[in-house]
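*Asks:* what would the 3D arrangement of this be:
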Amino acid sequence: MSLIRYARTADHPAIAEVNELAFGGPAEARLIERLRADGDVLLEMVAVEDDQVTGHILFSRLFADRPEMFAALAPMAVRPGLQRAGTGSALVRAGLDAAKEFGAHGVLVLGHREYYPRFGFLAETAARVASPYSGSPSFMALALEKGAFDQPLSVAYPDAFTP
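*Replies:* Numbers count the residues shown, from 1 in each chain. Next up, the predicted model:
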């Protein structure tokens, strides 16, 4: 199994490679670079096996109309050929634990509807969230603190998410 740890600057080229391979192009790698450059990264973690980065997850801060902190999970990638072996799940679980430690009350994701619910993400939980992605069945939320999504919430994503 992979070692999950916080990403280091020296990991950046390998993180870009994993994302480009996993997503079939440079869009996510560019998103990551811009989030870093703009100071919008809350945390990044990598999966490492035999000194090679095999997976990556990033959480960015969201701008909310409430004082509590909320985060966006995007992107998460695992090197092709190593997918479906638990690396992605380990990254998501470790990332959610870290996001809670960092003070996030809840996390939003625009992701695969068959994948993210296994971690507790639900479209129903995001129903009271106003965002550019509201209404999409792939827009899901997970409360890290009790009641995080009980009241209406409006969030703005970092500029890097705007094409």
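*Asks:* next, the residue lying farthest from the centre of the chain: phi, psi?
*Replies:* What lies farthest from the middle of the chain is residue 50; by CA atoms, centre = their mean that is 24.2 Å. Torsion angles at residue 50 (phi, psi; degrees, to the nearest 10) stand at phi 50, psi 50.
*Asks:* for it, give its distance to residue 20.
*Replies:* To residue 20, residue 50 is 20 Å away according to CB to CB, to the nearest Å. Just so you know, the C-beta spots here come from the backbone N, C-alpha and C atoms, and that holds for glycine as well.
*Asks:* could you do residue 136 as well?
*Replies:* According to CB to CB, residue 136 and residue 20 sit 25 Å apart.
*Asks:* can you check residue 51 too?
*Replies:* Residue 51 is 20 Å from residue 20, by CB to CB.
*Asks:* neighbour-wise, which of those two wins?
*Replies:* residue 20 (16 against 6; other CB atoms under 10 Å).
*Asks:* which SS state does the more buried one fall under?
*Replies:* Taken by DSSP: H, G, I helix; E, B strand; the rest coil, the conformation at residue 20 corresponds to helix.
*Asks:* ok, now which ones touch it?
*Replies:* Residues counted as contacts of residue 20 (CB atoms under 8 Å, 6 or more residues apart in numbering) are 26, 28-29.
*Asks:* just the buried members of those?
*Replies:* For the contacts of residue 20, a burial check counting by 16 or more other CB atoms under 10 Å picks out 28-29.
*Asks:* what about the helices in the chain?
*Replies:* Remark: helices assigned in the chain by DSSP state H are 12-23, 27-38, 87-101.
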